[in-house]
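S.K.: Give me the fold of what follows.
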Amino acid sequence: MKMRFLFFLLFGGLCSLNVCAQDPQYVFSEHLNPIQYKNYYLLTLFQQDAAVKKELQNDPELASLFKSKSLNIAEAIKNCETDITCLSSAFKFKGGEIAAVSKRLAFLFKQNEAFSSMVKNELIPSGCYLKYKDLKPGALLVKAWEQDAKAVNFTIDVYVAGANPNYPKIDAIAFDVKDKSYPELVRTNAVLSSGMTNSMFFEPAITFALTAMEINGRDEAGDFEPLRSGVNKASISAIHKTNFASYKYSLILVPGEGPEEREVELSAGGMLRCRLAAVEYHKGLAPFIMVSGGRVHPFKTKYNEAYEMKKYLVEQLQIPDSVVIMEPHARHTTTNMRNAARIMFRYGMPMDKAALTVTAKSQSMYISGALLGRCVQELGYEPYKLGKRLSDFTLEFYPNVLSLQIDFDEPMDP
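M.R.: Residues are numbered from 1 along each chain as shown. Model prediction:
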């Protein structure tokens, strides 16, 4: 399990620094690749911000690093033959390279207004690197780069070299790395990713990582995106018209339960959780129901838990479509809670008002018990604060805005 530096956020009371700094109106461009920007947002900004991109391309030290990296990759393609580790290592960022880029970014930040503008207007408001909130902007930029470099390396390790992810049963590589045909796939990816379209030092690596995820069929992070103009458009419109003061709770969160049978769309447990949520909704306790869960069980399933639960609530239980908010990416209970907090913040729902989780007794007891410790261990913080227990199935919670932080080693739901 991962152990990370722990961060704490006070709930309620005075506005804390990270709540004030992050902008609930900040919206990611719908033209971006969601798998890329969710995993490596700083590197995405480097490509999108014309002024910053120009500085990175023209900087002599970064240009030298790019040239050296490209030569190393070319040599690997020529000499590694069927050695997957050899090929993947050529694309990964070495410790010395990461340190050199960190030093150069710190220098460029001081010398060029384009970098400080990007950090001020994009990086900080996005909340993607919120755990570095107490750092000065230049230092935050460096930490964001180091996190993205580590994230790219992790993706290559798992989806090229076949290293174990945090949850191998559901997240592992789709290929047998020992199959004699697999090295050819890796080499072809390497050739394509080292092509002439690259113009910045990090682009061969990020292209190699993203292509690896694509050919593995691990595109879950992009499911149903963009949510705002798609499956959640009606809900967002309703949120803007809702007087939350008229309700005791902001929403009812329903974590999914994936079936283990490949052709089952929605498990029996998922149906019952939806029915429990419908009961609480009809009491008038909250104006919205959020269904949470991605394509998780069984391995590489085609069925999405949130989509199937919304369909059941709307078609079978006659809950209005605009009431049901989809969170279609969570792969664990930790991220059910984290992703709910993210959506609540980004959609402008009150963060200081209690919400409800409604689920099976066993999971509800887990949420009020051991889960917080697991969140600290795996995420580095608590994505929610506990409220009162109302029943075996129903529990209050308060969302934590620190949940906006990208998780570098969960590429299918970062």
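
S.K.: my guess is Val186 meets Ile84, correct?
M.R.: Yes - if you go by CB atoms under 8 Å, Val186 and Ile84 touch, sitting 5.4 Å apart. Quick note: C-beta positions are derived from backbone N, CA and C, even for glycine.

S.K.: intersection of neighbour lists for these two?
M.R.: Common neighbours of Val186 and Ile84 (criterion: CB atoms under 8 Å, 6 or more residues apart in numbering): Val160.

S.K.: Which of the two has more residues huddled nearby?
M.R.: Each of Val186 and Ile84 had its neighbours counted (other CB atoms under 10 Å), and the higher figure belongs to Val186 (24 against 18).

S.K.: Send over the host helix or strand of the more buried one as PDB, restricted to the C-alpha atoms.
M.R.: Under DSSP states H and E, the secondary-structure element containing Val186 is helix 182-193. Coordinates of the C-alpha atoms in helix 182-193 are reproduced here as PDB (Å, rounded to 0.1, in the frame of the first residue of the first chain):
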ATOM      1  CA  TYR A 182       4.100  -8.400 -27.200                       C
ATOM      2  CA  PRO A 183       7.600  -6.800 -27.700                       C
ATOM      3  CA  GLU A 184       6.500  -5.900 -31.300                       C
ATOM      4  CA  LEU A 185       3.600  -3.900 -29.900                       C
ATOM      5  CA  VAL A 186       5.900  -2.100 -27.500                       C
ATOM      6  CA  ARG A 187       8.400  -1.400 -30.200                       C
ATOM      7  CA  THR A 188       5.800   0.000 -32.600                       C
ATOM      8  CA  ASN A 189       4.500   2.200 -29.800                       C
ATOM      9  CA  ALA A 190       8.000   3.400 -29.200                       C
ATOM     10  CA  VAL A 191       8.600   4.200 -32.900                       C
ATOM     11  CA  LEU A 192       5.300   6.200 -33.100                       C
ATOM     12  CA  SER A 193       5.800   8.000 -29.800                       C
END
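
S.K.: Now do the following helix or strand past it: which elements does it pack against?
M.R.: Once the chain leaves helix 182-193, the next helix or strand it forms, by DSSP H and E, is helix 203-215. Identification of packing neighbours for helix 203-215 by 3 or more CB pairs under 8 Å, 6 or more residues apart in numbering; DSSP states H and E yields helix 34-39, helix 60-79, helix 84-91, helix 137-159, helix 182-193.

S.K.: can you pull the buried residues of stretch 170-185?
M.R.: Neighbour counts over stretch 170-185 (16 or more other CB atoms under 10 Å) mark Ile170, Asp171, Ala172, Ile173, Phe175, Tyr182, Pro183, Leu185 as buried.

S.K.: Please compute how far it lies from its chain's middle.
M.R.: In this view, stretch 170-185 has its centroid 24 Å away from the chain centroid, taken as CA atoms, centre = their mean, to the nearest Å.

S.K.: Would you mind measuring the gap between the ends of that stretch?
M.R.: Stretch 170-185 stretches 22 Å from its first residue to its last (CA to CA, to the nearest Å).

S.K.: now what about it, what contacts it?
M.R.: Contacts made with stretch 170-185 from outside it, assessed by CB under 8 Å, 6+ apart, are listed as 81-84, 87, 158-162, 164-165, 215-218, 296-297, 299-300, 331, 410, 412.

S.K.: Okay, now the unreliable bits of the stretch 151-300 of the chain?
M.R.: Counting by pLDDT under 70, the stretch 151-300 of the chain contains no low-confidence range.

S.K.: Skip the chain neighbours and tell me the closest residue to the residue of the chain most remote from its centre.
M.R.: Ranked by distance from the centre of the chain (CA atoms, centre = their mean), the top residue is Asn79, with 35.8 Å. If you skip the residues right next to it in sequence, Asn79 has Cys86 as its closest partner in space, 7.7 Å away by CB to CB, 6 or more residues apart in numbering.

S.K.: quick one on the thing from earlier: ok, which pair from the buried residues of stretch 170-185 is furthest apart?
M.R.: The span of the buried residues of stretch 170-185, defined through CB to CB, is set by Ile170 and Pro183 at 25.6 Å.

S.K.: Asn336 against Gly256, yeah?
M.R.: Yes - using CB under 8 Å as the test, Asn336 is close enough to Gly256 to be in contact (7.5 Å).

S.K.: Between these two, which contacts overlap?
M.R.: With contacts defined as CB under 8 Å, 6+ apart, the residues adjacent to both Asn336 and Gly256 are Ser292, Gly293, Ala330.

S.K.: Could I get those in JSON lines, plus columns for secondary structure and neighbour count?
M.R.: Written out in JSON lines, the entries for the shared contacts of Asn336 and Gly256 read as follows (DSSP: H, G, I helix; E, B strand; the rest coil; neighbours: other CB atoms under 10 Å):
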{"residue": "Ser292", "secondary structure": "strand", "neighbour count": "27"}
{"residue": "Gly293", "secondary structure": "coil", "neighbour count": "31"}
{"residue": "Ala330", "secondary structure": "coil", "neighbour count": "22"}
